[in-house]
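[1] Have a look at this prediction, sequence included:
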Amino acid sequence: HPSNAAFSYAKRVIDLQNKKCNEEHGCMFTSVVPCNVFGPHDNFDPLHAHVMGALINRAYEAKKNDTAFEIWGTGAAQRQFIYNLDLAKLFIWALREYQEIDPIILAPDEADEVSIKDVAMMILEAFDFK
């Protein structure tokens, strides 16, 4: 996703290292790249949470304090999300079955991206926020 370009670039450098290690030493390394993760034991700390945890925290605080719920920006940015327990199963699959040097991206189809605004609205609905 374009908004993650710098972070993605750093990950691509690891992919190059994996290929070179395979070419020079026969090592079988790969990268497993998940999209945005959420679920049990998520981080809800307002200073360190990722998007889902941060939005859940804001909804919780707004409801508890009877204040307005606010998202930063337009909310139009699109993201892919994966449930952490599903991701854990996919990591195990990748360890056992994925025999490629090329990285594997664990994410829903790009057609299933959802806007931050839509995620926020789903969270507010779950909180029965008025």
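    Sure thing, it's come through.
[2] now Glu97: how far from Met122?
    Glu97 sits 32 Å away from Met122 when distances are taken as C-beta to C-beta, to the nearest Å. For the C-beta atoms, the positions are set from N, CA and C on the backbone; glycine is no exception.
[3] Compare these two and say which is more crowded by neighbours.
    Just comparing Glu97 and Met122: by other C-beta atoms under 10 Å the higher neighbour count belongs to Met122, 12 against 7.
[4] what about the strands in the chain?
    Counting by DSSP state E, the chain has these strands, from start to end: 32-34, 36-38, 78-79, 81-83, 104-106, 114-115.
[5] So for Lys63, which of the ones you listed sits nearest?
    When these are ranked by proximity to Lys63, the top entry is strand 36-38, at 18.9 Å, counting by C-beta to C-beta.
[6] Please state the offset of stretch 113-127 from the chain centre?
    Averaging C-alpha coordinates over stretch 113-127 and over its chain gives two centres that are 15 Å apart (C-alpha atoms, centre = their mean, to the nearest Å).
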